[in-house]
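**Student:** need a structure here:
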Amino acid sequence: MRKSLALSLAAATTLVAGGGAYAQSEPRGETTRAETERRTAELFGRMDANGDGVLDDAVREAARRAAFDTIDTDKDGAISFAEFDARRDQRREAGAERRGPGGPDRAGFGRRGGPGGTGLARAADIDNDGTVTRAEFTTAALARFDRVDANGDGTISLEERREARQQMRHHMRRGRPARDAG
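**Tutor:** Now for the predicted structure:
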């Protein structure tokens, strides 16, 4: 159940946050710990669709249904190949808009939270009870932030972000999961 919840939360995080990571939410500049905490609280609020203060199977099911409904444009309860293709095209266009003119076209690559639930949600269920509370979610986000903030000054610089990405790439190339380097 924990793996299922972690994977679902990682997927929901990607959907809700548009692929943004907590400690890396401002890829073009610096990110402070306070900003990370604020954004994490906002994200949790958006993900906690029923407002009960926990991310659990009910939230996961709601996110899955919302994602399905987004793709099932004719609302017939099935996703046709045409609907599936249309969604892919929409995602490509949105990615091109985010990258801007001349940005790299890496369709499907570079998304945070990638395969295997490597995003924040993977480590958020501290007590392993199958639910993630606001406190657990915040604790995991700030722990991630602190790992990337190499000099401990409360701000992640562009250089610290680059170094964390390099470390993660190194771990992934060696076939080991990264410690969510950010």
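
**Student:** count of neighbours near Asp52?
**Tutor:** Neighbour count for Asp52, taken as other Cβ atoms under 10 Å: 11. Just so you know, the C-beta spots here come from the backbone N, C-alpha and C atoms, and that holds for glycine as well.

**Student:** meant to ask about Asp149, not that
**Tutor:** Asp149 - counted by other Cβ under 10 Å - has 23 other residues nearby.

**Student:** Now it. Nearest residue, chain neighbours left out?
**Tutor:** Ile156 (5.3 Å; Cβ to Cβ, 6 or more residues apart in numbering).

**Student:** With Gly29 instead?
**Tutor:** Leu158 (7.1 Å).

**Student:** gap between that neighbour and Val148?
**Tutor:** 11 Å (Cβ to Cβ, to the nearest Å).

**Student:** the more surrounded of the two?
**Tutor:** The residue with more neighbours, out of Leu158 and Val148, is Val148; 23 against 13, by other Cβ under 10 Å.

**Student:** For Gly130, see how far away the more buried one is.
**Tutor:** Distance from Val148 to Gly130, by Cβ to Cβ: 28 Å.

**Student:** And for Met47?
**Tutor:** 16 Å.

**Student:** phi, psi of Ser80?
**Tutor:** When read as degrees, to the nearest 10, the backbone of Ser80 gives phi -80, psi 170.

**Student:** just to revisit the earlier point, these two touch, right, the residue nearest to Gly29 and Ala164?
**Tutor:** No. Here Leu158 lies out of contact with Ala164, judged by Cβ atoms under 8 Å, at a distance of 10.9 Å.

**Student:** who's more crowded, Met47 and Gly130?
**Tutor:** For Met47 versus Gly130, neighbours defined as other Cβ under 10 Å are more numerous around Met47 (21 against 15).

**Student:** so that one touches Leu55, yeah?
**Tutor:** Yes. Contact criterion Cβ under 8 Å: Met47 and Leu55 qualify, at 5.8 Å.
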